[in-house]
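> next one to model:
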Amino acid sequence: MSAVHLTPTSRCLVTGASDPASIGYACAEALLQAGAGKVTIMGRDEANVRAAVSSLRIILSSSSDNVQVVSGVMGDLKKPETMAAVVEAAVEKMGGLDILVISGGNGGSEYLGLDASDPASYRMMHDVSVLSPLFLTEAAVPELLKSSIHRPTSNNGTTSTSTSASVVMVSSMATQVPWPDTAPFNYAKAAQNAMIETLAFKYRTDNIRVNGVLPACIHTGHMDQMARKKNVSVEDYAKLRADAHPMERVGTPRDVANAVVFLASPASGFMTGELLKVDGGLHLSNWFNRPKMTAEYAGSKRKI
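Predicted structure coming up:
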């Protein structure tokens with residue numbers, strides 16, 4: 001159960017949430033457990049979206065007096081031109097929008113085999129991590145403006161409300177770990193971080209907060225894929241990745257979701273343009289890991 005609370009009138013759209021092992025799904029679950037009244041999840045596979053909605057409803061059914069609502073819409077972050085329709089469909093289901101959580105996006109290129117030498121890989125990741133989040137946010141702004149009330153109450157700059165609309169994007173610590181195999185992902189996420197800060201400043205006086213979270217290695221289905229690719233057990237691969245983190249473990253989707261809910265909630269009401277690390281202390285260790293990184297990758301020649 002979340003220690004941060006949302007109002008029961010909160011209406012949330014979460015992208016990339018149709019896989020129960022994903023960060024997006026964990027965000028949807030955490031938002032509901034924090035008290036959000038309505039949550040709509042987006043995914044690109046209709047059967048998976050329906051299954052995820054059913055799963056979330058089962059979780060909610062444990063409370064006999066629960067009046068929360070879960071629904072799903074179809075959408076593909078690889079198609080930025082369709083994002084306005086996604087927002088429109090979600091608003092139609094919920095009657096408005098207060099919180100937008102943008103997660104998902106094919107993972108790092110190393111995980112799913114994107115070719116770092118192919119321009120198409122960079123275009124695709126730019127669509128997924130920059131253009132689609134941008135178009136989702138801009139399409140949501142008219143509804144987010146309706147949900148936020150911002151009126152000065154005195155000359156000292158105080159306001160009459162603790163409620164604000166919120167956009168939270170799931171970015172990545174990959175922007176600070178320059179691994180060449182994940183170049184398309186790294187570059188796209190760096191651009192996403194710049195976009196988060198730009199949008200935060202753009203809407204700073206509209207009571208719409210825009211923030212991001214920067215996860216390090218999180219145990220989603222992508223990690224399992226990578227373990228199979230390297231022909232090692234998931235447990236062994238998770239331990240290998242955990243060794244790079246000062247906390248000596250990899251993160252869970254819920255670790256990220258907890259940070260997302262905090263940034264979406266009134267508890268972070270004086271935060272915007274924040275890029276919040278959820279990295280097990282990875283940012284503390286990059287310098288010390290550099291000899292290991294250069295031993296594994298030197299120029300265009302691998303040593304492992």
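> what is the rounded mean pLDDT of stretch 141-157?
Mean pLDDT, taken over the full extent of stretch 141-157, equals 67.
> same check on stretch 9-22?
On average, stretch 9-22 scores 95.
> which parts of it are buried?
Buried positions in stretch 9-22, judged by neighbour count with 16 or more other C-beta atoms under 10 Å: 10-20, 22. Using the backbone N, CA and C atoms, a C-beta is placed for each residue, glycine as well.
> how far off centre is it?
9 Å (C-alpha atoms, centre = their mean, to the nearest Å).
> quick one: low-confidence ranges for the stretch 51-200 of the chain?
The model of the stretch 51-200 of the chain has pLDDT under 70 over residues 63-66, 105-113, 148-163.
> helices along that one, start to end?
83-94, 109-112, 119-126, 132-147, 183-202 (DSSP state H, counting those that start in this stretch).
> adding mean neighbour count and distance to residue 210 as columns, could you present those in CSV?
As requested, those are arranged in CSV below (neighbours: other C-beta atoms under 10 Å; distance: least, C-beta to C-beta, whole Å):
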stretch, mean neighbour count, distance to residue 210
helix 83-94, 19, 15
helix 109-112, 20, 26
helix 119-126, 17, 19
helix 132-147, 20, 7
helix 183-202, 20, 4
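> out of these, nearest to residue 47?
Relative to residue 47, the nearest member of the helices of the stretch 51-200 of the chain by C-beta to C-beta is helix 83-94, separated by 17.6 Å.
> identify the residues contacting that closest one?
Residues outside helix 83-94 that contact it (C-beta atoms under 8 Å, 6 or more residues apart in numbering) are 11, 13, 15, 38, 40, 42, 69, 71, 73-75, 77, 97, 132, 135-136, 139-140, 143.
> 7 Å instead, please
Contact partners of helix 83-94, identified using C-beta atoms under 7 Å, 6 or more residues apart in numbering, comprise 11, 13, 38, 40, 42, 71, 73, 75, 97, 132, 135-136, 139-140, 143.
> now, which of those sits nearest residue 203?
Closest to residue 203, out of all of the contacts of helix 83-94 and judged by C-beta to C-beta, is residue 140, at 10.7 Å.
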